[in-house]
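# Just to be clear, the model below is a prediction. Sequence and coordinates:
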Amino acid sequence: MSIPKIVIAGSNSGCGKTTVSIGIMGALSAEGLTVQPFKVGPDYIDPMFHTFVTGNASRNLDSWMMDESTVSHIFLRNISNADIAVIEGVMGMYDGYGGYDGVGSTAHVAKIIDAPVILVVNGEGMSLSIVPLIKGFMDFDEGVKIRGVIINNIKSEAHFRLLKDTIEDHLDITVIGYLKNMPEISLASRHLGLVPEDEIGDLKQKVTLLSEELKKTVDLELLQKIAVEGVMFDKEKTEVLEHDVRFSVKPLSSVVRIAVARDNAFNFYYRDNLDLLEMLGAELVYFSPLNDIQLPDGISGLYLGGGYPEVFAARLEENTSMRKSIRSRIMSGLPTYAECGGLMYLSEGIINSNGEIYSMAGVIPGISRMTKSLQRFGYIEIDIVEDNVLAVKGEKIRGHEFHYSITEVNEDIPTCYSIKKSKRNSETRIWKCGFKLHNLLAGYPHLHFWSNPSFAERFVKSCLGFGEKR
């Protein structure tokens, strides 16, 4: 089964593909279409924009963290109720893991799901030179179906006409539209999170303005015709996926309630991670460490995702009852998994960039400190070196790190992760993380459970065991 689908790729990071993608999603949604958004790669921020614009949870298609079959499965299982799928790419179209083999790239994912591509290029200051730029993308990999071009940062319609005629005179491709340089619709990626209430009106206004402008300057009818090219998904591949036992997820013996932190401070979750927990029989109970006074009743597990606890550190500190509730429950053995911002919140305190310290939950003996430079960035491979609530020793999973903080933890605290980061022509780096104490696992890596679904299964089982003992 498949539906019309289109990949919005970029010639490079910063060319405007996110703005164009959001504009297209908004314009199609405004026409009454049910748009299912996707994002190539591990990013959290862009999918939040997608979800905000379309009203449908955006999904990540990451062909490095997941194998090709799993990417296809994630795509297929999320399109059944949609009229069209719009997939925003990552970085430049051919940029992937390590930048040399294409794995994890937009091009790789487009080939996996057999989707036509619209290439977004920056037209600022360009004339004839735009032709070899586009030709290079078209010729580099003939397996990628580049079917149209959108030019961003156009100064005037005359400028667009010049570039369109120039491109179409020299290349067998259609320029389907453009977007003007519009500072007034700039979508700042700073801490979108769950957009603060006082910013929602402004964001809605910007998205509406962007979508209306794009309707005038992009041929949406032609874009949809191109998207129809991708309707015939590989039948054989679909049948193989239907019989793959890895995707036949069944609920465990009973329903278990797992509390999930979700508010402006904690909102970095892969939607498919949460879905997998539910498929395994978990009832997810959302709560706010910022606003609620204690953890929900009747829970047998806790999931603290990433986000921006440092931005909301003062409010988190003020909510002493929630901090005490979390500390008490974890120390009594509540199975808990925390990623990145969740790790920081469970430490004794956060020191922000101004040197101010704010008390946190105090479960992990150590301090989280914001830094001026990026500490970790990129894909990682994780070996489990000690049993924990997610996995047993010897298992492996892939993940991603991106953080401007360090958490200095007491050396006596056991670590469960041996993390490896390899790059071509550079030394492999190995470090430890994944702190274990009580029934808690907390670390900086963001994990995609579909990289190794047994991690989600073990977490649900850990929660079930706790609930039965209780």
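In hand now; what should we look at?
# for the stretch 1-150 of the chain, what spans make up the strands?
Counting by DSSP state E, counting those that start in this stretch, the stretch 1-150 of the chain has strands at residues 5-10, 35-40, 59-61, 84-88, 117-122, 146-154.
# State the mean pLDDT of stretch 14-27.
Averaging pLDDT along stretch 14-27 yields 94.
# which other residues reach it?
6, 8-10, 35, 37, 46, 49-50, 53-54, 86, 88-89, 92, 120-122, 150, 152-153, 179, 185, 187, 189, 207-208, 210-215, 218, 220, 223 (CB atoms under 8 Å, 6 or more residues apart in numbering). All C-beta atoms are positioned from the backbone trio N, CA, C, and that covers glycine.
# Please, a ChimeraX command that selects the buried ones among these?
Command for ChimeraX that selects the buried part of the contacts of stretch 14-27, burial taken from 16 or more other CB atoms under 10 Å:
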select :6,8,9,10,35,37,46,49,50,53,54,86,88,89,92,120,121,122,150,152,153,179,185,187,207,210,211,213,214,215,218,220,223
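# going on from the helix or strand of the chain with the lowest mean pLDDT, what's the next piece of helix or strand?
The helix or strand of the chain with the poorest confidence is helix 235-242; it has a mean of 62 (mean pLDDT, DSSP states H and E). Sequence-wise, the next helix or strand downstream of helix 235-242 (DSSP states H and E) is strand 256-261.
# Now that next one - C-alpha only, CSV.
Output in CSV follows, covering the C-alpha atoms of strand 256-261 (Å, rounded to 0.1, in the frame of the first residue of the first chain):
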residue,chain,number,x,y,z
VAL,A,256,1.4,-1.3,32.3
ARG,A,257,1.2,2.5,33.0
ILE,A,258,4.4,4.4,32.1
ALA,A,259,4.6,8.1,33.0
VAL,A,260,6.1,10.3,30.2
ALA,A,261,7.4,13.8,30.9
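# now the following helix or strand past that strand, how far from the chain's geometric center?
From strand 256-261 onward toward the C-terminus, using DSSP H and E, the following helix or strand is strand 266-268. Here strand 266-268 is found 11 Å from its chain centre; the criterion is CA atoms, centre = their mean, to the nearest Å.
# by contact count, what packs against strand 266-268?
Judged by 3 or more CB pairs under 8 Å, 6 or more residues apart in numbering; DSSP states H and E, strand 266-268 is in contact with strand 306-307, helix 341-346.
# try 10 Å
Contact here means 3 or more CB pairs under 10 Å, 6 or more residues apart in numbering; DSSP states H and E; on that basis strand 266-268 packs against helix 45-54, strand 306-307, strand 336-339, helix 341-346.
# Given it, what are its sheet partners and their directions?
Sheet pairing of strand 266-268 (DSSP bridges) gives strand 306-307 (antiparallel).
# As PDB, could you dump the C-alpha coordinates of the next helix or strand after the partner strand?
Following the chain from strand 306-307 toward its C-terminal end, the next helix or strand by DSSP H and E is helix 313-318. Presented in PDB, the C-alpha positions along helix 313-318 are these (Å, rounded to 0.1, in the frame of the first residue of the first chain):
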ATOM      1  CA  ALA A 313      15.700  25.500  35.300                       C
ATOM      2  CA  ALA A 314      14.200  28.200  37.600                       C
ATOM      3  CA  ARG A 315      10.700  26.900  37.200                       C
ATOM      4  CA  LEU A 316      11.800  23.300  37.500                       C
ATOM      5  CA  GLU A 317      13.600  24.200  40.700                       C
ATOM      6  CA  GLU A 318      10.500  26.000  42.100                       C
END
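# Not counting helix 313-318 itself, show me its contacts.
263-266, 289-291, 309-310, 312, 322-323, 344-345, 349-352, 356-361, 368, 370 (CB atoms under 10 Å, 6 or more residues apart in numbering).
# Just want the angle from whichever helix in the chain runs longest to helix 45-54.
In the chain, with assignment by DSSP state H, the single longest helix is helix 197-217. Computed by axes from the mean of the first three to the mean of the last three CA atoms, to 10 degrees, the angle separating helix 197-217 from helix 45-54 equals 80 degrees.
# Using CSV, write out every CA atom in the next helix or strand after helix 197-217.
Sequence-wise, the next helix or strand downstream of helix 197-217 (DSSP H and E) is helix 220-228. Once non-C-alpha atoms are left out, helix 220-228 reads as follows in CSV (Å, rounded to 0.1, in the frame of the first residue of the first chain):
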residue,chain,number,x,y,z
LEU,A,220,1.2,22.9,-6.1
GLU,A,221,-0.9,21.1,-8.7
LEU,A,222,2.3,20.0,-10.5
LEU,A,223,3.9,19.1,-7.2
GLN,A,224,1.0,16.7,-6.5
LYS,A,225,1.2,15.2,-10.0
ILE,A,226,4.9,14.5,-9.3
ALA,A,227,4.0,13.0,-6.0
VAL,A,228,1.7,10.6,-7.7
